[in-house]
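In: requesting a structural model of the entry that follows:
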Amino acid sequence: MQRRSPRRGAGTAVRALAALCLLAASVAAPAQDAHQHPGQAAPPPFVASTAKPYAGLIDDAMGVMHHGMTQAPTNGIPDHDFVAMMIPHHQGAIDMAKALLLYGKDPALRNLAQGIITEQQNEIRLMQAWLQRQQAQPSQSTPPR
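Out: As a prediction, this is how the structure comes out:
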């Protein structure tokens, strides 16, 4: 049996997560109006703390992520809407990884969680920069017909 290095395993997991995100976004795209729930109360911000058990932290992270995704400012342009919804999705992965770092014992999974935090933070910055560029060029972003 061939063993993979933790770094290679983290990359594989990040690619798998990205593929899952793409699938989720493609399924969610046709029903984008159904995902927005104006007036829905925002959950409190996620705080990674041992004051809560692991399951409670995961529930909190998922609640914040779901709320962020449903409240993402979509405009019907697939590229824009994908990025707007992926930012809170990636933040949810970061929050869940932080919970694992508090409670997880397996060194390989802790390494994976740290890699997820680093990669997802970088990707959030890239997506935020993309959104800022699009706002500066509104004539380039028209909804599909």
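In: can we go C-alpha only for contacts and neighbour counts from here?
Out: Noted.
In: packing partners for the lengthiest helix in the chain?
Out: The longest helix of the chain (DSSP state H) is helix 107-136. When contacts are defined as 3 or more Cα pairs under 8 Å, 6 or more residues apart in numbering; DSSP states H and E, helix 107-136 sits against helix 6-28, helix 78-103.
In: ranked by average pLDDT, which of those falls at the bottom?
Out: Looking at the helices and strands packed on helix 107-136, the lowest mean pLDDT belongs to helix 6-28 (a mean of 46).
In: for burial, what's the neighbour tally of the residue lying closest to residue 131 once chain neighbours are set aside?
Out: Closest residue to residue 131 apart from its sequence neighbours, by Cα to Cα, 6 or more residues apart in numbering: residue 80 at 7.1 Å. Using other Cα atoms under 10 Å, residue 80 has 19 neighbouring residues.
In: distance of residue 80 from residue 93?
Out: Look at residue 80 and residue 93: by Cα to Cα, to the nearest Å, they are 20 Å apart.
In: so what's residue 126 up against?
Out: By Cα atoms under 8 Å, 6 or more residues apart in numbering, the contact list for residue 126 is empty.
In: now do residue 48
Out: The neighbourhood of residue 48, defined by Cα under 8 Å, 6+ apart, consists of 57, 95, 98-99, 102.
In: emit the ChimeraX select command for whichever of those residues are buried.
Out: A single ChimeraX command selects the buried members of these (16 or more other Cα atoms under 10 Å):
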select :57,95,98,99
